[in-house]
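>>> return a 3D structure for these sequence lines:
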Amino acid sequence: MPFPGGLWWLLCCRQGFTLLRRDYGEADREADGEAEEEEASFELRAQGDQGSLEVSLSQPTRSSSGSERSLLVAEEMRSLIVEKGPGPVEDDPDALVKGWLQREVRGSVKSHWIRPRKYWFVLTPDSLDYYSSNEKGARRLGSLVLTSLCSVLWPDKQTYKETGYWSVTVFGRKHCYRLYTEHLNEAVHWVCAVQKVIDSKAPVQTPTQLLMRDVEEHCGNPEVLEQIYRCNPILRYTSSPLYAPLLPFPYGSLDQSAPGPRSYTTLRDEAVKLFNSLQQLELERDPVPLMQGVLQTCLDLPPLVDEIYCQLVKQTTEPPAPGGQGDLHYWQLLTCMSCTFLPSPPVLRFLHFHLDRRVPVELLGASCGQGACWVLGPPSGQCCHDPPGVSCRTESRFPTSEMAKYACFIREALGKTKGRECVPSLEEILVLMRRQEMICTVHCPGAPACSVAISSHTTAEEVARELVSRLGLSQSPNLFALYAQSRRREQPVGSTTLLADVLTRFENLAGEEREQDPPCRLCFKHYGFLDTDNVPRDSLEFALLFEQAHEMVLRGYVPTSEETLQTLAALRLQSLNSDFSTHAPFPRLEELFPPHVLHARLPPPRRRPPTKCRGARLRAGLLAGGLWGQALAKQRAERDQRLRGRLREEGASTMAAIVEKWKLLQGMGRPEAMAAYVALVREWPGFGSTLFDVDLRASPVGAGPQRLWLGIGAKAISLYKPGEPEPLDSFCYSRISSFGASDSSTFRLSVEDRDLLFETSQVDEIAQLLNTYLTSMGARRLPQPQELAASPPASDPTALPQELCPTAGPWQHRPSVGSFHS
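Numbering: from 1, shown residues only. This is a model prediction of the structure:
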């Protein structure tokens, strides 16, 4: 049945659309349509109070209205668009690049395949246009106006493998052109040309940015500030949704991929989603998870940090219920943001101005003596005691509120924040909402745990120094540090690392680990052993030394006989429980004796030689999936059960031998048992060295790696074969010419005329410990950049590379500078 005439006319002529494509009608209204959309993209879609405002002052007149700012943006967009009608396409003098390209055309709703169509594309200094042909009078089918916010993607090799075409994707605010060509050089030529046009455009400024600049320029004139805020609702609280970000973001899907399982869309879409999350925050009874989600998005997408700051400033300006639940949630999130991220200088200045409008001057250290002075705008009166632009409001009318306290806290936090590696933990967010400090528990082996009050800006070095002073270790020549202990490993915490980030990692690991796993914790231990002979036996440091020696024994880093290991276990029992008693608590065997010694007694599993015949492998695979596979699984289970039974028998016999030795220690006091334990461990020549598991490669091209222990001590570096008490080789620091990281898993040590390459996952820890010992010795002859060909170049020839030289040295008093030689 044919359509009625009026309906057919409506379908064909309504805003220039056709039944086939939307782009056919864009050419006729490109100038007005693009400008209107650019204007709408930066403005809040709210009605009312949009009139222009002209302010007459003694200084040059300047418009400060949101609508006029929008008109300026619209005029700028119109000036970019050249009215083009049918004409001689080939003779266009403004054409920079032109040629045939294929543009993707999607099929119907049911078919998702792509049908490329060939069009004639022309790139001008203002836009990317495409025509039906290259003949004179050809109709322009579409146009994409190019601004500084547009972006272009380079050809993708994966797309070429799938389609046989090299793709060129150009993102605009309204359109996305996906173009294809069979030649790579042609695709690269188009990408470079489009990018050059985009780079030549002046940066687009949103009305929010222009108003921020106006506020900064007129901060000393309260009348102008009052009218700026009254006539521009984009600066004030709104309950309506935001349809476009407050700050400019590039169009398209560039720079949005975040690490981990999270996936994000464009920055513009994420900014709008975050504003929706902020509005949900007003009604949340438990806002902590939502706050952490907003902070995590900002950490994954750093360009959104300024946007969130501007949105929070907007929502905390003239809210409908100041001090209500929703308003306080905004201030609490702003507090968390200030302890996590530092905004850009323009946004930081605008934020400081916003905070000054909420903070009493007496809290900032100034007072006029007539009550609380507020830097509030817009003011209704000015105090004669105040400088221009500062109004005085009495406490009876504007008492000190929670918002003012949050503003003071935020201002102080912004002066300390330098960036975080992790977002605040749930516990930290709760503490920040109350503007308090966290209590961090640090475990000290052989001593009670210590509780330390920390903030979001406290570093590991500060806490270690406080513990050194609190535990009376200031006179010790040895070095101390904080260690992060988990089920998998133990590693020192960097001196400049924020403890708040460490606690966040602990919180994340707690959700991944199993219930029987021990919780992660912070420990205070020795970091560098400079003098272990003169430690008083009745001191706390000797208890720390004893506990650290016991940890080395359990990890198998003290090569000695099994008889000595049993004696050490008996001394450990004597130090814990005093004399033998059947009622004394018995620790588990793995807490007294190295577990790897018991496992070494078990017979190694028999390995069948691999089947060479292909038919035999096929038959074995078929049998493994049937009844024969079930029988094999049953045999493996029985073998494992026998091994576990054998291990229990070996453990029982070892424990019996340890108890017999424990009975011989009757009458020995705890200090004597600890001293005897440390004396036995000290008999090993490598005592006092920190051991690292490494694989040695003599040269980049050579035999297979050899598993060794790399021992770093106060005077020398030694190489040990695991389980051997004597070192294979030892190098004093005077023989070491350079050291560094060849890559993330290879540590390079240059000793005189040879280079040693070690494969290890602890490259940074080895380098930091070496640098700490050199600093403690007063060493200053550090590797030159030319000596470390494989190491990252250093800007200062007298300093180590940045990843090898921590910003702060050892967590102890720094010794005086001396020579390099040991």
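>>> pLDDT weak spots in the stretch 1-150 of the chain?
Applying pLDDT under 70 to the stretch 1-150 of the chain picks out residues 1-92, 105-115.
>>> brain fart, the chain
The model of the chain has pLDDT under 70 over residues 1-92, 105-115, 253-262, 358-400, 513-517, 605-629, 698-704, 778-822.
>>> pretty sure residue 521 sits against residue 440.
No: between residue 521 and residue 440 there is no contact under Cβ atoms under 8 Å: 10.3 Å. No exception for glycine: its C-beta is placed from N, CA and C like everyone else's.
>>> which one's more surrounded, the two?
residue 440 (18 against 14; other Cβ atoms under 10 Å).
>>> quick check: that one touching residue 452?
Yes: under the contact definition of Cβ under 8 Å, residue 440 touches residue 452, with a separation of 5.0 Å.
>>> give me the common contacts of these two.
When contacts are counted by Cβ atoms under 8 Å, 6 or more residues apart in numbering, the set common to residue 440 and residue 452 consists of residue 463.
>>> and the strands in the stretch 651-800 of the chain?
Using DSSP state E, counting those that start in this stretch, the strands of the stretch 651-800 of the chain run over 690-697, 706-712, 716-720, 729-732, 736-743, 746-751, 754-759.
>>> by contact count, what packs against the fifth one?
Contact partners of strand 736-743 among helices and strands, from 3 or more Cβ pairs under 8 Å, 6 or more residues apart in numbering; DSSP states H and E: strand 746-751, helix 763-776.
>>> tell me the angle of it relative to strand 716-720?
On the basis of axes from the mean of the first three to the mean of the last three Cα atoms, to 10 degrees, strand 736-743 is oriented at 60 degrees to strand 716-720.
>>> buried residues, strand 736-743. List them.
Of the residues in strand 736-743, 736-742 count as buried by neighbour count, 16 or more other Cβ atoms under 10 Å.
>>> now distance to residue 447 and mean neighbour count too, for the helices and strands packed on strand 736-743, in CSV please.
What follows is the helices and strands packed on strand 736-743, written out as CSV (distance: least, Cβ to Cβ, whole Å; neighbours: other Cβ atoms under 10 Å):
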stretch, distance to residue 447, mean neighbour count
strand 746-751, 34, 20
helix 763-776, 23, 21
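>>> any idea how far residue 318 is from residue 238?
Noted for residue 238: a distance of 10 Å to residue 318, by Cβ to Cβ, to the nearest Å.
>>> buried residues in whichever strand or helix holds residue 349, which are they?
Here residue 349 sits within helix 345-356, counting by DSSP states H and E. Going by neighbour count (16+ other Cβ under 10 Å), the buried part of helix 345-356 is 347, 349-351, 353-356.
>>> how about residues contacting that helix?
Helix 345-356 has contacts (Cβ under 8 Å, 6+ apart) with 209, 212-213, 215-216, 219, 306, 309-310, 313, 316-317, 342-343, 364, 375, 407, 410-411, 414.
>>> how far does it sit from the chain's center?
25 Å (Cα atoms, centre = their mean, to the nearest Å).
>>> ok, stretch 425-440 next?
Relative to the chain's own centre, stretch 425-440 is displaced by 20 Å; criterion: Cα atoms, centre = their mean.
>>> what's the end-to-end length of that stretch?
Across its full length, stretch 425-440 reaches 13 Å end to end, with Cα to Cα, to the nearest Å as the criterion.
>>> who touches it?
The contact list for stretch 425-440, computed with Cβ under 8 Å, 6+ apart, reads 288-289, 291-292, 332, 335-336, 339, 405-406, 409, 424, 451-456, 463, 499-500, 503-504, 506-507, 522.
>>> report the buried members of those.
288, 291-292, 332, 335-336, 339, 405-406, 409, 424, 452, 454-456, 463, 499-500, 503-504, 506-507, 522.
>>> gap between residue 706 and residue 693?
12 Å.
>>> my read: residue 104 touches residue 169, true?
No: the criterion here is Cβ under 8 Å, and residue 104 misses it with residue 169 at 9.7 Å.
>>> neighbour count winner among residue 238 and residue 318?
Between residue 238 and residue 318, counting by other Cβ under 10 Å, residue 238 is the more crowded of the two (18 against 14).
>>> one step back: could the strands of the stretch 651-800 of the chain be laid out in a markdown table, adding distance to residue 323?
A markdown table is the format used below for these (distance: least, Cβ to Cβ, whole Å):
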| stretch | distance to residue 323 |
| --- | --- |
| strand 690-697 | 55 |
| strand 706-712 | 58 |
| strand 716-720 | 63 |
| strand 729-732 | 67 |
| strand 736-743 | 54 |
| strand 746-751 | 57 |
| strand 754-759 | 60 |
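>>> what's the closest of those strands to residue 560?
Closest to residue 560 of these is strand 716-720 (Cβ to Cβ; 12.9 Å).
>>> beta-bridge partners for residue 759, please?
Residue 759 has these beta-bridge partners by DSSP bridges: residue 695, residue 746.
>>> residue contacts, it?
Here residue 759 is in contact with 694-695, 697, 705, 745-746 (Cβ under 8 Å, 6+ apart).
>>> which one of those residues sits closest to residue 158?
Using Cβ to Cβ, the contacts of residue 759 come closest to residue 158 at residue 745, 28.5 Å.
>>> thinking again about what came up before, hmm, which of the contacts of helix 345-356 are the buried ones?
Restricting the contacts of helix 345-356 to buried positions leaves 209, 212, 215, 219, 306, 309-310, 313, 316-317, 342-343, 375, 407, 410-411, 414, with burial counted as 16+ other Cβ under 10 Å.
>>> what are the buried residues along the longest helix belonging to the chain?
Counting residues, the longest helix found in the chain (DSSP state H) is helix 627-663. Of all the residues in helix 627-663, those buried under the rule 16+ other Cβ under 10 Å are 650-651, 654-655, 657-659, 661-662.
>>> and stretch 144-154, by the same measure?
By 16+ other Cβ under 10 Å, the buried positions in stretch 144-154 come out as 144-147, 149-153.
>>> one more: stretch 474-485?
So stretch 474-485, judged by 16+ other Cβ under 10 Å, has buried residues 476-485.
>>> how about the CA coordinates for that stretch, as CSV?
What follows is stretch 474-485, C-alpha atoms only, in CSV (Å, rounded to 0.1, in the frame of the first residue of the first chain):
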residue,chain,number,x,y,z
SER,A,474,68.8,5.5,68.3
GLN,A,475,72.3,4.6,69.3
SER,A,476,72.5,1.4,67.3
PRO,A,477,74.8,1.4,64.3
ASN,A,478,72.5,-1.1,62.5
LEU,A,479,69.7,-0.1,60.1
PHE,A,480,66.0,-0.8,60.5
ALA,A,481,63.0,-0.8,58.2
LEU,A,482,59.4,-1.7,57.9
TYR,A,483,58.6,-5.0,56.1
ALA,A,484,55.3,-6.1,54.5
GLN,A,485,54.7,-9.7,55.3
